[in-house]
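Enquirer: show me the folded form of this:
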Amino acid sequence: MFIRQIHYLLALAKTRHFGRAAELSHVSQPALSNAIQHLEEELGITIIKRGQRFEGFTEEGEKVLQWARILAQNWEGMRQAAVQYRRQLTGVLRLGAIPTMLAVTPLLTKPCQDEYPGIAVKLTSLCAEELIRQLDGFELDLGLTYLEDPRLKGFRILPLYRERHVLLARKPDSRLLEGHLSWNDVEGLPLCLLTPNMQNRHLIDAAFRQAGVAPKIMLETDSIFALYAHVCNAGLYSIVPHSMLSQFEMRQEVAALPLAPELSRKVGLVMRRQELPIPIQDAAWKIAQGLNLQHCFDSLIIGKL
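Expert: As a prediction, the model looks like this:
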């Protein structure tokens, strides 16, 4: 009963509504309300602010909610461990990734599910700030993001590869293929880039500023695949992380050209630091340690630096 009460409480925190929390928990609203009320009686405090509708958590309730997330995480870990001992690891791997790294995630999720067919994956696209918040709040098991972020101090970190940016061009002019391509050489080319609110675009803008280049931007989008489509079909150029190339059906006439000086950042997995990771986290982490993503992505660049 106690574990059910904890999950009811977390459902209410997620939905902020008694009826939707009951629906999410597959129980009636009176059953959910009574269970939470019994929890309050057991703890001797008021957890919920009550009125005509849900009005939030009390100050004591917010603290109980933090413990509830830890208890739910530990319970899931114990359940997975019991299953793992039977060599049948099951459960949901909650994986978050910043948008430009979503296309990389199959290189992790596929080997995980090949080795443990009972694992399901819940993959969420998140900005770096929200990814860190959900990791810290036990809402994610693993995150895939840039590792230079100072907010990751105190998290467990596994470097996977160094992301390099390349100029994506369809039938590039011969001058672009001669020697090292600099950021100044890109000036004047009609570009399609990610929108300014995206972290990856911030890096590209900074590289242009450092080179003293005013880019000719013809199109902006929040879709990395839309960039590739416009390179292939609209005569535009783009600058993308080289990790994306493995997900495109690269046509023979489309080239990925390295830029100098190199624009690169470390990418990897992050996990909340804890003495006893749940088995599904531990299994995915160990599989990620055996991946050789750097060679996989670097091999797709023409005339590598």
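Enquirer: and the residue nearest the centre of the chain?
Expert: Ala97 (1.0 Å; CA atoms, centre = their mean).
Enquirer: quick check: longest strand in the protein by residues?
Expert: strand 156-170 (DSSP state E).
Enquirer: buried stuff in that one?
Expert: 156, 158, 160-170 (16 or more other CB atoms under 10 Å). For the C-beta atoms, the positions are set from N, CA and C on the backbone; glycine is no exception.
Enquirer: which SS state does the nearest residue to Leu147 once chain neighbours are set aside fall under?
Expert: Of all residues not flanking Leu147 in the chain, Lys266 sits nearest, at 4.3 Å (CB to CB, 6 or more residues apart in numbering). Here Lys266 is strand, with the state taken from DSSP: H, G, I helix; E, B strand; the rest coil.
Enquirer: count of neighbours near Lys266?
Expert: By the measure other CB atoms under 10 Å, the count of residues near Lys266 is 13.
Enquirer: dig out what it forms beta bridges with.
Expert: On the basis of DSSP bridges, Lys266 is bridged to Arg162.
Enquirer: could you list the low-pLDDT ranges of the stretch 101-250 of the chain?
Expert: Low-confidence segments of the stretch 101-250 of the chain (pLDDT under 70): 177-179, 249-250.
Enquirer: which parts of it are helices?
Expert: 106-115, 128-136, 199-211, 224-233 (DSSP state H, counting those that start in this stretch).
Enquirer: and of these, who's closest to Ala288?
Expert: helix 106-115 (5.7 Å; CB to CB).
Enquirer: find the nearest non-adjacent residue to Asp136, please.
Expert: Arg272 (6.4 Å).
Enquirer: you'd agree the one you found is up against Leu142?
Expert: No - Arg272 is not in contact with Leu142 according to CB atoms under 8 Å; the separation is 9.4 Å.
Enquirer: between the two, who's got more neighbours?
Expert: Neighbour count, other CB under 10 Å: between Arg272 and Leu142, Leu142 has more, with 24 against 20.
Enquirer: what's near enough to touch that one?
Expert: 93-96, 269-271, 281, 284-285 (CB atoms under 8 Å, 6 or more residues apart in numbering).
Enquirer: now, those that are in helices?
Expert: Under the assignment DSSP state H, the contacts of Leu142 contribute 281, 284-285 to helices.
Enquirer: let's see if you can find the most crowded of the residues you listed.
Expert: Ala284 leads these on contacts (other CB under 10 Å) with 26 neighbours.
Enquirer: surely Phe138 touches Ala72?
Expert: Yes - if you go by CB under 8 Å, Phe138 and Ala72 touch, sitting 7.1 Å apart.
Enquirer: the two - which one has more neighbours?
Expert: Phe138 (20 against 16).
Enquirer: mind listing what that one touches?
Expert: 69-70, 72-73, 272.
Enquirer: three-state assignment of Leu12?
Expert: With three-state DSSP as the criterion, Leu12 was assigned helix.
Enquirer: and it, how far is that from Pro150?
Expert: 34 Å (CB to CB, to the nearest Å).
Enquirer: neighbour-wise, which of those two wins?
Expert: Leu12 (25 against 5).
Enquirer: and the nearest residue to that one once chain neighbours are set aside, what are its phi and psi?
Expert: The shortest distance from Leu12 to any non-neighbouring residue, by CB to CB, 6+ apart, is to Ala21 (4.2 Å). Backbone torsions of Ala21, given as degrees, to the nearest 10, read phi -60, psi -40.
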